[in-house]
Structure formats: C-alpha cells, structure tokens
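>>> Quick one: sequence and predicted model below, then my questions.
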Amino acid sequence: MDAKVKGTGMDYWKKIIILLCSGWVTIWVYRSALAPAYPQINESLGGNISDTALGSISSFYFFGYVAMQIPAGFLVDKIGKKKVLIPGFIVFGIAAFLISQATSISMIYLGSVLAGLGCGSFYGSAYSLTSQNIPKDKKSFSTAIVNSGSAVGSGLGLILSSYLVVQQNLPWQTMMYISVVLIICMLVAFTAIIRNNKEDAAFLAQSAAEEAAKEEKPVVKENVSFKKLFSPKMLFAYILYFATCYAYYMTVTWLPNFLGTERGFEGAAIGFSASLVAFASIPGALFFSRLADKFMHKKVQFIVVLEFLAAAMLLLTVQASNSTLLLIGLILYGFLGKLAVEPIIISWLGENAPKIGIGTTLGVFNFFGMMSSVIAPALTGSISDATGSKVMGFYIAVILLVAGTALFLLANLGKKKAESTVK
C-alpha cells in the first residue's frame, strides 16, 4: 500500500491531518475576524446598521456554507476530494477579497454567501479523507487534531481582529487581506499533497480488499439510501449536531459583542476572553477523543455527558455575577463543548454510516448541523434589537442542547434494547 507521501518519509494519513488542520485554521481566521470589528464595519458604512443586519453577515456566510453541504458531499463521492476542494477555495479567496472592497452591507452579504459556498467544499472532503485514510484505532484522536485547527483559527482571528482593528485602529479590511494570503497558501498545499482520483481510487480499493480479507468477508459495495440516511439513530444524531452547532455559532458570533456591550470588557480583552472558548477546546478535544479511542464502545456515553456538561457551562457563563465566574464558564464550555465532542460524534458517525458514499452522509449530517449557523446569528441579533440584550439567545442555546442530547440518548437506548431483544 502506498502509505507514504511522495518525497517524504511521512505516512499519507499524517500529512492529511496536518493539511486539514491548517485548512480549518484558514477558514476560522476568516470566520471569526469580522465579529470583533462589527462597530468598525458599522462606522465605515455610515453608522446606521442594526445588530440584526450585522448578525446577518454571519448568517449569509452560513447560508452559502449550508447550501453547499449536500452537493459538495455528492461531488466528493463522484469526482474526488481534490476536484472539489481546490475550486471551492478559489471561490473562498475571491469572496474574501470582494468583502475587503465592500462599500455597502449588501456587498458584504454577497461576499459572505460566496465565502460560504467556497468553504462548503471543505467539510465533506476533509472528513472523507480522515474516514478513509486514518487507522481505526486513531480516528477520534486524529479527528480531534484536525478539529483543533478550528480552535486555533478562531482564537487567532478573534485576537488579531481585536488587536489590529479595535486596539490599533487598522482598517477592518486588514483581516480580509490576511485571509486571502492564507487561502493562497492552502491552495498550493492542496495541489501538492492530496492524491488525484486514480491514486485515491486504487488506495481505497486496496484498503477495502485488505479489510475484507481480515474479516474473511467478500468486498460488498454499500449504497447510501434515503432510509439509511434518515434512520432514527441518524436523524437524532443530526438533531444533536444542530443543537451543538447552534450553541457554538451563536456564542462565537455574538460573544465578543456581548462581553463588550453587556459585561464591560474593553479592547484586546474582548478578543482574548472570547478566544478562551477556542483555546480551551484543544486540550478538551485531545483528552476526550483519546479516551473515546481507548473505550471505543462508550462513545454514546461520552457524547451525552459532554453535551449536558457543556449546556451547564453555557448557563453558568450567562448567569455569572462577576467576570471571574464568567471566564471559568467560558473555559469549561470550550473544554467540554462542540470542538471537544465533535470528533467523537464524527467517529461514531463513521461507524454507523455506509463506508461507500461517506461524503454524501457527511454532507447531510453537516447540512443539518450548519442550518443552525444560519439561524443563530440573525435570531440572536433580532432578540438583541427587541430586548436590548443577548441573554435570551444564550438561554435558547442551552435549551436546544439539553433537548437534542436527550433525543440522541433515547434513540441509542432504543437501539441497545432492540439488540438485547435480538440476542
């Protein structure tokens, strides 16, 4: 098996981990760069932009991102990861440059939709690569390393934007120029590292044959049917991911503004405090995914406990009576929340979804999850305009987390009872 990357002594799957982690860094530097600069964006566009309109910048991005999930997943299965990723990131780069030249909120919205469409090529491609190339006993931990790029990028974006734009008074467009440079670097890396279609197909065929030989089973092609995609356990996994993403994207979109307008944080302290969620998630993701790989049959229990604890920490954050408690809540939410639990959910999904057509399954899964990212920023902005506070937005996120986790638990308890009955 061609396990090494040409010209290096490194295994291909290890190179993929580094590449995909860097991809998430790039995407999240862009995603988190605008939120701390909302006041500066508002001022540059005349000073009459409402919170709802500013929150909609993020919603337009996620609208494009969500719209691409199922088509991108389908295309990954049909034409290959490389042919989906590279055009997607070209569109992403054009969009970031377009936003940097924007003279109206409508132009920013257009750029945001295009950026979402471009970034939408990444998820199905990335996790198809991890699902098909990473050894089974390293899958959760390796996925956590890939996902840590989200945390690093989010933290960098928040800190750089708060420091360069808010504190140093550089134009908010500076962050878009930084994003364009990072995107160009990723395009070069995708071109150099990812296998072409023929190499990839040969590798997957050989892997499937070896796996079948180990289990003394014939190689069987498994099709993705509507019934399999929307079986009860899969449907409730989608709902859980919706709730998980709702809480996270509401938080990363509005937390900087919430800290500045409702909790008295100023300047770079806003970006630093908001970035605690991202940076605390890295050790959380690595720790819990390592445990999940060690206790492979306990993934449902890990998911349920982490989700309930994350909801509790988010509640603590919004109800904290002082900044110390608030920061503790943020750190623990990061340690226990989306980026910590997501690798385990994706690993669970990989074990329960068809092996052939995994890109389509991941596309449907992420479509449901990311629908929340379209709703959460604009809805929280509307709540803020109506009530003068974003607190209710946090409460909605907590309720969704608890409800989604309970449904996922019930679906998997039902599955265990059915298996016990069969035995």
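Thanks, I have the structure now.
>>> Going by C-alpha atoms from here, please, whenever you check contacts or count neighbours.
Will do.
>>> Packing partners of the host helix or strand of L339?
Assigned by DSSP states H and E, L339 belongs to helix 338-352. Contacting helix 338-352 under the criterion 3 or more Cα pairs under 8 Å, 6 or more residues apart in numbering; DSSP states H and E are the following elements: helix 139-160, helix 232-262, helix 268-294, helix 299-319.
>>> Could you list the buried residues of that helix?
Within helix 338-352, the residues that count as buried by 16 or more other Cα atoms under 10 Å are 338-350.
>>> Can you give the contact residues for that helix?
Outside helix 338-352, the residues that touch it by Cα atoms under 8 Å, 6 or more residues apart in numbering are 131, 139-141, 143-144, 147-148, 150-151, 244-245, 248, 281-282, 284-286, 288-289, 292, 299-300, 302-303, 306-307, 334, 358.
>>> now the helix or strand that it is followed by, how far from the centre of its chain.
Using DSSP H and E, the helix or strand that follows helix 338-352 in sequence is helix 358-387. From the chain centre to the centre of helix 358-387 is a distance of 11 Å (Cα atoms, centre = their mean, to the nearest Å).
>>> What's the first helix or strand after helix 358-387?
Next along the chain after helix 358-387, taking DSSP H and E as the criterion, comes helix 391-422.
>>> how long is stretch 255-268 from one end to the other?
Taking Cα to Cα, to the nearest Å, stretch 255-268 runs 14 Å from one end to the other.
>>> how far away is the closest residue in space to I303 that isn't next to it in sequence from G284?
Leaving aside its sequence neighbours, I303 sits nearest to V341 (Cα to Cα, 6 or more residues apart in numbering; 6.1 Å). Separation of V341 from G284 (Cα to Cα): 9 Å.
>>> ok, now K228?
According to Cα to Cα, K228 stands 31 Å off from G284.
>>> repeat for S121
Distance, S121 to G284, using Cα to Cα: 27 Å.
>>> neighbour-wise, which of those two wins?
Counted by other Cα atoms under 10 Å, S121 and G284 do not tie: S121 has more neighbours, with 31 against 23.
>>> Touching, the more buried one and V66? I think so.
No. Counting by Cα atoms under 8 Å, S121 sits too far from V66 to count as a contact (10.1 Å).
>>> Would you mind measuring the gap between the ends of stretch 257-266?
With Cα to Cα as the measure, stretch 257-266 spans 10 Å from end to end.
>>> List the contacts of that stretch.
Here stretch 257-266 has contacts from 35-36, 270, 323, 389-390, using Cα under 8 Å, 6+ apart.
>>> now, which of the residues you listed sits nearest I17?
Checking the contacts of stretch 257-266 against I17 with Cα to Cα, the nearest one is A35 at 28.2 Å.
>>> Which strands and helices lie in contact with the strand or helix carrying L117?
In the assignment (DSSP H and E), L117 maps to helix 105-119. For helix 105-119, the elements it packs on are helix 51-79, helix 81-100, judged by 3+ Cα pairs under 8 Å, 6+ apart.
>>> In terms of secondary structure, what does the shortest one contact?
With contacts defined as 3+ Cα pairs under 8 Å, 6+ apart, helix 81-100 has these neighbours: helix 51-79, helix 105-119, helix 122-133, helix 174-193.
>>> okay, the angle between it and helix 51-79?
Using axes from the mean of the first three to the mean of the last three Cα atoms, to 10 degrees, the direction of helix 81-100 lies 160 degrees away from that of helix 51-79.
>>> shift numbering so it begins at 28
All set: I'll call the first residue 28, so the last point we hit is now helix 108-127.
>>> Worst mean pLDDT across the helices and strands of this protein, which element?
Within the chain, no helix or strand scores below helix 224-242, which has a mean of 54 by mean pLDDT, DSSP states H and E.
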